[in-house]
Structures are given as structure tokens and as C-alpha cells.
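Have a look at this prediction, sequence included:
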Amino acid sequence: MADAFTQNKRRGGKGVSYCIINTIFAVFFGLALFTLGKGSCYTTRNSNTPVDVAVVPEANDVKAWFNFTILLGFIFYSVAAVASLGYLMKAGFINTFSGYLEKLARMLTYFVFIAVHVMRLSHTGKVCSGDYLPSGASDEDVEGYMIATGSFFMTYIIIGWIMVPAMLIIMVCLKGEAWAALALDAPK
């Protein structure tokens, strides 16, 4: 009986932990969704500056790609946060369904993590994020860029590659193997 109690307690802690982590990322992407990506940015692979779509009709619409990636991040993290609450159920269909839904949403958040890398670190993403701007660029020079969205993506990348492993190392050192197993199964 003590084993079943410990297992249910772990599932509850897992559900709450996943819910908190996914909610933080859902809020992060939600704020980006409603505050970033207002301007437009078109560019080509051969240009280090945004181009006028009327002059270069085959230019890539980077704003659409950036905004779509942010939307997917918001949706997938929100679904994962809600689904992770199913771990709090004792047993039954809801527990099983939410477990599978949470795992699916987690896999989709990995897709978003990869998509953010592709969008931000591609040539067109770097151009619209202002990576090729000269260091003393004025406000007029920055028009047509999506610098705030590029900074958001870079912050998300840094959090994913530095903060999550750092938290894992700290928790393993403090709590041992039980937290390592939980953290390795946690959403990124």
C-alpha cells in the first residue's frame, strides 16, 4: 500500500510540475503572440537587409513564419499545461487520456523548439532579427526589421539550452535520482 501511495504522490507532483513549466512557456508565447510581430519583414537568401515585396515578389514573408511559430508554441504549451493536470486524477480514462495527450503535446513542443531554431538561425531569420545591422543603427535604419521577435526567439533558445539543463543539474545534486527521472521526462 505504501508503494501505491508513493506512486500516486509522484504522479501528483509530476502533474503539478509539468503544469507549472508548461504554463510558464504558454504565457511566454502568449505574450509574444499578442505583443510581437506587428511589422512586416520580407527578405531573400541573397540579401542582408529586408527587401520591398513589390520590387522582389519572390521574397520570403518572415513575419508570417515567425508569427506561425509563436502561435504553435502558444497552442502546444497551453494544451500540455491543461493535459498535465490529468496526472492528478486517481485512475481511469481521464488519467490515461490526459497522459497520452500531454506526451503528444510535449512532442509537439519539441517541434516548436526545433522550429524556433530554424526560423531564428536561418539567413532570413537573422536578417529580419537585425543580426546584420551595423552597431550604431538609428531608429530609421531599424524600420522593416523584427528585432523584438528575434530577441524573443533567441531568449527562448537560451532558456532551452542553458536554464533547463542547469535546473536539472541543481535538482539532481539536491534531490538525487528521483528528481533526475522526473526532470528527464519533463517538457522542454
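Thanks, I have it.

and whichever helix or strand A83 is part of, average pLDDT?
Element membership for A83, per DSSP states H and E: helix 62-84. For helix 62-84, the mean pLDDT works out to 93.

Can you give me the buried ones in that helix?
The neighbour-count check on helix 62-84 (16 or more other CB atoms under 10 Å) flags 62-63, 65-67, 69-84 as buried. (Each C-beta comes from the backbone N, C-alpha and C, glycine too.)

One more: stretch 97-114?
By 16+ other CB under 10 Å, the buried positions in stretch 97-114 come out as 98-99, 101-102, 105-106, 108-109, 112-113.

Just the ones of these in helices?
Taking DSSP state H, the ones among the buried residues of stretch 97-114 that sit in helices are 98-99, 101-102, 105-106, 108-109, 112-113.

So which of the residues you listed is the closest to T43?
V112 (22.4 Å; CB to CB).

so where is this structure shaky, pLDDT-wise?
Counting by pLDDT under 70, the chain shows low-confidence ranges at 1-12, 90-91, 175-188.

which residues in it form strands?
42-43, 60-61 (DSSP state E).

would JSON lines of those with distance to V164 and mean neighbour count be doable?
Output for those, formatted as JSON lines (distance: least, CB to CB, whole Å; neighbours: other CB atoms under 10 Å):
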{"stretch": "strand 42-43", "distance to V164": "31", "mean neighbour count": "24"}
{"stretch": "strand 60-61", "distance to V164": "30", "mean neighbour count": "18"}
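
All good on my end, thank you.
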